[in-house]
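Asks: Generate coordinates for the sequence data below:
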Amino acid sequence: MECENFPFISALCMAASLTASNACILNADIVVSDRLPMAINAVLMKKGNAAISRRWEFEGDDISRAALVDYGIDFFWATPNIWRQASKAIPAHYRIGHTSFDNWIMSFFNTVSPRGCYDITARKVIYHPKHEDRKRPHPIQAVDDIYTLNCGWPVLRL
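Replies: All right, here's what the predicted structure looks like:
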């Protein structure tokens, strides 16, 4: 799907909702472990329909020394139905690569599927290279709504 730089999250959610299977949204610089399918299968076996993961940050090429250095969430996985609901509810101005959308999506997952959203961070499948050159060209104003007021990490962990 062709789009502008820093596409709107609502468009990404809508694209994810149109897939024949489940889909994820993540930033382009994320390195995904080959163990991710096993983590997603574990979510599915528990009847889960959404998952998030914090990022394990690494320097250079040494992923083995990756660490959790912040609470950044860089991986969002869900069923098409969850993505469809999110595409209709997410604040229209949220964009990939900018602040606020990650907490909103996590909170949305927790609100619409409190017994189906899993935190797979402990599985160590989502990695982020350390870099300082963040580009956030669009001003993003965080929105307080029913979802962000419900903000919290998923209770269910794998």
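
Asks: tell me the SS of A20?
Replies: coil (DSSP: H, G, I helix; E, B strand; the rest coil).

Asks: Give me the distance between it and V43.
Replies: To V43, A20 is 18 Å away according to C-beta to C-beta, to the nearest Å. No exception for glycine: its C-beta is placed from N, CA and C like everyone else's.

Asks: Name the residue in the two with the higher neighbour count.
Replies: Using other C-beta atoms under 10 Å, the more surrounded residue of A20 and V43 is V43, with 22 against 6.

Asks: Now do the contacts for the closest residue to G116 other than its chain neighbours.
Replies: Closest residue in space to G116, ignoring its immediate chain neighbours: N49 at 4.3 Å, by C-beta to C-beta, 6 or more residues apart in numbering. Contact partners of N49, counting by C-beta atoms under 8 Å, 6 or more residues apart in numbering, are 78-79, 81-82, 113, 116-117.

Asks: cool, and N110?
Replies: Contacts for N110 (C-beta under 8 Å, 6+ apart) come out as 117, 150-154.

Asks: Could you give me the ChimeraX selection string for whichever of the residues you listed are buried?
Replies: In ChimeraX, this line selects whichever of the contacts of N110 come out buried by 16 or more other C-beta atoms under 10 Å:
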select :117,153,154
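
Asks: Closest one to D70 out of the contacts of N110, please.
Replies: Of all those, W153 has the smallest distance to D70: 13.7 Å, by C-beta to C-beta.

Asks: Thanks a lot, see you next time.
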